[in-house]
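J.: Coordinates for the following, if possible.
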Amino acid sequence: MIQLNTGFHFDDLPLGTRFRSRARTVTEADLVSFINLSWLHEELFTDTSDRTHMAIPGRVVPGALVHAFAEGLITPSMQGTGLAFLHAELDIAAPTFVGDTIHVECEVIEQRATSKPGRGLVRTRNVVHNQHGKAVLSYTPLRMMRMRDGGKD
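T.: Residues are numbered from 1 along each chain as shown. As a prediction, this is how the structure comes out:
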């Protein structure tokens, strides 16, 4: 029986499995809160008076915020079944701005059991897209996941 309050188990994620998160709009309040929480008080994120001399015009948000939101968007997929976030490589492909709406598309690119029963490793390719379908960030997290039957045969 599948529980509605439980995310994917290792067994549910064979190679090639794909899924998509819900979407979320990045707001000015999100940017301000994140900057203050993380101490990323870089002029690129805090100076709104004259953007002409900036590398990126517009109200750009840090890639770290986009990554954090992406993780939040996919967290329901591993609720109660994710055991550890072990590694990731991350690439920022394009800027994300206040007002952009993002979602995450995930594909399982690696899956293997661990030596300890009841758990396995799953690596996904996660691509964050904005409302125009443009990829803005991608990363490949490796996670330890709980097996559905506890690893028993």
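J.: Now the residue lying closest to R146 once chain neighbours are set aside: phi and psi?
T.: Nearest residue to R146, sequence neighbours excluded (Cβ to Cβ, 6 or more residues apart in numbering): T81, at 4.5 Å. In short, each C-beta sits where N, CA and C put it, glycine included. In terms of degrees, to the nearest 10, the main-chain angles of T81 are phi -120, psi -20.
J.: What does the pLDDT read for T81?
T.: For T81, the model assigns a pLDDT of 94.
J.: what residues are up against it?
T.: T81 makes contact with 6-10, 145-146, according to Cβ atoms under 8 Å, 6 or more residues apart in numbering.
J.: Pull out the buried members of the residues you listed.
T.: Using 16 or more other Cβ atoms under 10 Å as the burial test, these include 7-10, 145-146 as buried.
J.: Could you work out the most separated pair of those?
T.: G7 and F10 (10.8 Å; Cβ to Cβ).
J.: What ranges does this structure have for its helices?
T.: Assigned by DSSP state H, the chain shows helices spanning 28-38, 43-46, 63-74.
J.: among the ones you listed, which gets the worst mean confidence?
T.: Looking at the helices of the chain, the bottom one is helix 43-46 with a mean of 80.
J.: Any idea how far that one is from the middle of the chain?
T.: 23 Å (Cα atoms, centre = their mean, to the nearest Å).
J.: Could you list every helix and strand in contact with it?
T.: Counting contacts by 3 or more Cβ pairs under 8 Å, 6 or more residues apart in numbering; DSSP states H and E, helix 43-46 is packed against helix 28-38, strand 60-61.
J.: picking that back up, from the contacts of T81, which two are the most distant?
T.: Pairwise over those, using Cβ to Cβ, the maximum falls at T6 and F10, 12.5 Å.
J.: quick one on the thing from earlier: ok, of the contacts of T81, which one's closest to E107?
T.: Distances from E107 to these, taken by Cβ to Cβ, are shortest for F8, at 13.0 Å.
J.: For the closest one, which residues are in contact?
T.: Here F8 is in contact with 77-78, 81, 145 (Cβ under 8 Å, 6+ apart).
J.: mind redoing it with 7 Å?
T.: 77-78, 81 (Cβ atoms under 7 Å, 6 or more residues apart in numbering).
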